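Engineer: after the sequence you'll find the predicted model.
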Amino acid sequence: MTEATSRPRALITGASSGIGETFARHLAKRGHDLVLVARRRDRLEKLAAELSEAHGVKAEVVEADLADDSAVATVEERLRRGDIDLLVNDAGFGTRGEFAGLPIERELEELDVNVRALMRLTHAALGPMVGRGRGAVINVASTGAFQPVPHMATYAATKAFVLHFSEALHEEVKGKGVTVTCLCPGPVKTEFQQVAGVNDRRVPALAWTSVDAVVESALKAVSARRAIVMPGLLNQVTAGAVKLMPRSLARRIAGAMFREEG
């Protein structure tokens with residue numbers, strides 16, 4: 001049994017680094033108890049101890065590789081206890097290269113983490129939230145959700161799913177005291193680029209957004225009960241421009257940014 005407290009509790013996936021870790025830091029500072037989920041237990045335990053010491057919050061650690069069905073089931077079970085006020089689905093990764101030449105096992109794993117796990121955890125969280133008449137879910141997508149991205153085809157497609165899925169759920173639950181918000185950040189300095197093999201130098205300097213600004217924008221959007229939040233004025237302008245240009249041009253521009261060098 002989880003000890004009851006008067007503090008709100010947030011469950012964050014991908015909490016060992018990047019945007020997920022930053023969500024944990026901001027929410028702990030705001031007085032949230034935490035359930036930290038990721039593959040790297042050592043990082044989670046270090047973060048949990050640090051945040052508990054600094055802010056007096058309780059921080060549980062759940063080691064889980066969300067590409068594994070049994071690990072997802074463990075997190076689902078935790079969510080179904082009904083004491084989670086905010087779910088942040090941040091876990092995810094990208095791959096880069098021509099799809100035909102990429103290992104299909106890794107592409108399927110990307111689909112499992114970015115889509116299937118996110119769907120399962122959202123489902124596990126929403127039932128208790130709707131039953132209580134309160135709660136929120138933040139699903140992390142990307143500006144890549146707004147157009148196809150050659151050389152990152154699977155990644156952009158998974159994030160398009162997250163965007164449309166989250167928007168639909170927002171409409172379904174908004175009259176029931178629950179909010180679903182899709183966070184669509186542009187380039188952010190995290191481990192994502194290294195894992196995906198993306199060259200930072202190809203991204204214009206003005207396009208980068210700080211990870212703290214991304215998280216603060218998301219939390220403000222939840223408070224305002226917004227369906228979508230896209231931090232950074234340049235990202236908003238770019239996404240708007242994509243809607244106006246021919247799709248053939250949008251995909252050529254996106255593909256040029258991520259085409260393999262040489």
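Structural biologist: Sure thing, it's come through. Numbers count the residues shown, from 1 in each chain.
Engineer: the helix or strand bottoming out on mean pLDDT in the chain: what's the following helix or strand?
Structural biologist: In the chain, the helix or strand scored least confidently by mean pLDDT, DSSP states H and E is helix 192-196, which has a mean of 51. Per DSSP states H and E, the first helix or strand lying C-terminal to helix 192-196 is helix 211-223.
Engineer: parallel or antiparallel, list what pairs with the helix or strand that that following helix is followed by.
Structural biologist: Sequence-wise, the next helix or strand downstream of helix 211-223 (DSSP H and E) is strand 228-229. Sheet pairing here is set by DSSP bridges, and for strand 228-229 it gives strand 178-183 (parallel).
Engineer: in the partner strand, what's buried?
Structural biologist: For strand 178-183, burial by neighbour count (16 or more other Cβ atoms under 10 Å) applies to 178-183. Yep, even glycine has a C-beta here, placed from its N, CA and C like the rest.
Engineer: likewise for stretch 27-44?
Structural biologist: 27-28, 32-39, 43-44.
Engineer: from those, pick the one nearest Gly14.
Structural biologist: Among the buried residues of stretch 27-44, Ala38 lies closest to Gly14 (Cβ to Cβ), at 5.9 Å.
Engineer: ok, that closest one - contacts?
Structural biologist: By Cβ atoms under 8 Å, 6 or more residues apart in numbering, the residues touching Ala38 are 13-17, 20, 44, 63-64, 91.
Engineer: now, the residues you listed that are in strands?
Structural biologist: Residues of the contacts of Ala38 located in strands (DSSP state E): 13, 63.
Engineer: list only those of the contacts of Ala38 flagged as buried.
Structural biologist: 13-17, 20, 44, 63-64, 91.
Engineer: what about Ala28, distance to Leu219?
Structural biologist: For Ala28, the distance to Leu219 equals 12 Å [Cβ to Cβ, to the nearest Å].
Engineer: correction: Val113
Structural biologist: 23 Å.
Engineer: which parts of the longest helix along the chain are buried?
Structural biologist: For the chain, the helix with the greatest residue count under DSSP state H is helix 153-173. Using 16+ other Cβ under 10 Å as the test for burial, helix 153-173 gives 153-163, 165-167, 169-170, 173.
Engineer: one more: stretch 210-229?
Structural biologist: Within stretch 210-229, the residues scored as buried using 16+ other Cβ under 10 Å are 211, 214-215, 217-219, 221-222, 227-229.
Engineer: what sits up against that stretch?
Structural biologist: 18-19, 22-23, 26-27, 30, 86, 136, 138, 163, 166-167, 170-171, 174, 179-185, 188-190, 231-232.
Engineer: what about Ile12, neighbour count?
Structural biologist: Using other Cβ atoms under 10 Å, Ile12 has 26 neighbouring residues.
Engineer: so it sits against Val88, correct?
Structural biologist: Yes - Ile12 lies in contact with Val88 (Cβ atoms under 8 Å); the separation is 4.4 Å.
Engineer: so what sits against both of these two?
Structural biologist: Shared contacts of Ile12 and Val88 (Cβ under 8 Å, 6+ apart): 20, 23.
Engineer: neighbours around the nearest residue to Thr238 once chain neighbours are set aside, how many?
Structural biologist: Among residues not flanking Thr238 along the chain, Thr143 sits closest, at 6.9 Å (Cβ to Cβ, 6 or more residues apart in numbering). Residues contacting Thr143 under the criterion other Cβ under 10 Å number 26.
Engineer: can you give me the pLDDT of Thr143?
Structural biologist: For Thr143, the model assigns a pLDDT of 92.
Engineer: with the one 10 residues further on instead?
Structural biologist: Predicted confidence (pLDDT) at Ala153: the value is 96.
Engineer: before we move on, what about Pro246?
Structural biologist: On pLDDT, Pro246 comes in at 75.
Engineer: could you do Glu216 as well?
Structural biologist: At Glu216, the model reports a pLDDT of 97.
Engineer: please apply the same query to Val203.
Structural biologist: In this model, Val203 is scored at 59, pLDDT.
Engineer: over to Val72?
Structural biologist: pLDDT, Val72: 98.
Engineer: also Arg252?
Structural biologist: Reported pLDDT for Arg252: 75.
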